[in-house]
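In: quick check, what structure comes out for this input:
(one chain, ligands or ions: 3)
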Amino acid sequence: MKFRFLGTCAAEGIPALWCRCDNCRRSRELGGRALRTRSQALIDDTLLIDFPSDTYKHFLDNRLDLTNVETCIITHNHSDHLYPTDFSMLAPGFSHVQDGYHLSVFGTDKVGEKVAPVMGNLEKQGLAHFTEIKPFETFSAGKYTITALPSIHDPNAGPVFYMISDGEKTVLYAHDTHFFHDDVWAYFKEHRVHFDMVSLDCTNACLPLTYVGHMGLAENVQVREKMLSEGYADEKTVFVCNHFSHNGISVVYDDFVPLAAERGFRVSYDGMILEI
Ligand SMILES: [Zn+2]
Ligand SMILES: [Zn+2]
Ligand SMILES: [Zn+2]
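Out: Numbers count the residues shown, from 1 in each chain. Ligands and ions are numbered 1, 2, ... in the order given. Modelled structure (predicted):
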């Protein structure tokens, strides 16, 4: 499985628009991996996770051909994960796609409400279809088996995170969420899951947790330790900190990499590819 991190930031990006904070200033000076766009990932060039406004930048920077993408799964309706207007660029006149091209989009009811204005036209033309899913539902998309898990995040955003398997490898893409709900841990236990890669919400980096809905490095460490001790991961599992905010402490890429490495984590950057 080829897992590509296209965008690795929360809503404001790093550097953030209008921001003069130290993290944004230093990231702007450093450039390269210190620059982070809004959240999106791609598996094997065919399965897209989230659809932010930076999809267009990701498409340019990574020279993507989006007509290879058959499925798009959306975590929730916040703007750093979903910008529905660009789905309408699939309509005739805006795009010329190969005969038979079809995009399947999955998300919860709150995502459905947000994509409805653009999805109706695409569905009529047979170009796309939205399927509503619920937490703990497992569904198939191409060769992938995907399970939506409930996030502890803004309930008005219809948040879920995803466990994705291609039959050989299984990855967990856990954004945006607080430390997992007890029901999620019970699900892992009941289904005897095993992950080859785990990407965890690290919005706060080294900032102590002050609100519910995201994690930082300390909570990522707790998730990793619990997964290792309960057998959902092993020494080969790749753990990644991902989805950062400029408000985090020690969040600038060069500062954060050694802190995360000491605790067994890789640090995502825009364009990072992992062969799982
Ligand atoms: Zn987010
Ligand atoms: Zn800033
Ligand atoms: Zn969010």
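In: now the strands for the protein?
Out: Per DSSP state E, the chain carries strands over the ranges 2-7, 40-43, 47-49, 71-73, 103-107, 128-132, 138-141, 144-150, 160-165, 170-174, 197-201, 238-242, 266-267, 273-275.
In: for Ala141, what are its contacts?
Out: With contacts defined as C-beta atoms under 8 Å, 6 or more residues apart in numbering, the neighbours of Ala141 are 47, 70-71, 73, 104, 106. Heads up, the C-betas are built off the backbone N, CA and C, glycines and all.
In: cool, Asn247 as well?
Out: Taking C-beta under 8 Å, 6+ apart, we find Asn247 in contact with 21, 23, 204, 207.
In: what about ligand 2: which of those residues touch it?
Out: Subset of these in contact with ligand 2: Cys21, counting by C-beta under 5 Å from the ion.
In: which PyMOL command selects the buried ones in the contacts of Asn247?
Out: Here is the PyMOL command that selects the buried residues among the contacts of Asn247 (16 or more other C-beta atoms under 10 Å):
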select buried, resi 23+204+207
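In: for ligand 3, state which of the contacts of Asn247 is nearest.
Out: Set against ligand 3, the nearest of those by C-beta to the ion is Asn204 (13.4 Å).
In: excluding chain neighbours, what is closest to whichever residue of the stretch 101-250 of the chain sits closest to ligand 2?
Out: The stretch 101-250 of the chain approaches ligand 2 most closely through His246 (3.5 Å), counting by C-beta to the ion. Leaving aside its chain neighbours, His246 sits nearest to Asn23 (4.6 Å; criterion: C-beta to C-beta, 6 or more residues apart in numbering).
In: who wins for neighbours among the contacts of Ala141?
Out: Counting neighbours by other C-beta atoms under 10 Å, Ile73 comes out on top of the contacts of Ala141 with 28 neighbours.
In: relative to ligand 2, how far out is that residue?
Out: 29 Å (C-beta to the ion, to the nearest Å).
In: if that residue is in a bridge, with which residues?
Out: Counting by DSSP bridges, Ile73 forms beta bridges with Ile49, Phe106.
In: which ones are touching it?
Out: Contacts of Ile73 by C-beta under 8 Å, 6+ apart are 47-50, 105-107, 141, 146, 162, 164.
In: and Asn121, by the same measure?
Out: Counting by C-beta under 8 Å, 6+ apart, Asn121 makes contact with 88, 91.
In: and it, how far from Val69?
Out: Shown here: Asn121 relative to Val69, a distance of 19 Å by C-beta to C-beta, to the nearest Å.
In: re the thing from before, so the residue nearest to His246 sits right up against Phe244, yeah?
Out: No - look at Asn23 against Phe244 with C-beta atoms under 8 Å: they stay out of range, at 9.2 Å.
In: what's the overlap in contacts for those two?
Out: The contact sets of Asn23 and Phe244 overlap at 14, 251 (C-beta under 8 Å, 6+ apart).
In: make TSV out of the contacts of Asn247 and add pLDDT.
Out: Output for these, formatted as TSV (pLDDT from 0 to 100):
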residue	pLDDT
Cys21	97
Asn23	97
Asn204	94
Leu207	91
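In: between the contacts of Asn247, which is nearest Val198?
Out: The closest of the contacts of Asn247 to Val198 turns out to be Asn204 (C-beta to C-beta; 17.6 Å).
In: and for that closest one, nearest residue in space, chain neighbours not counted?
Out: Leaving aside its sequence neighbours, Asn204 sits nearest to Gly216 (C-beta to C-beta, 6+ apart; 3.1 Å).
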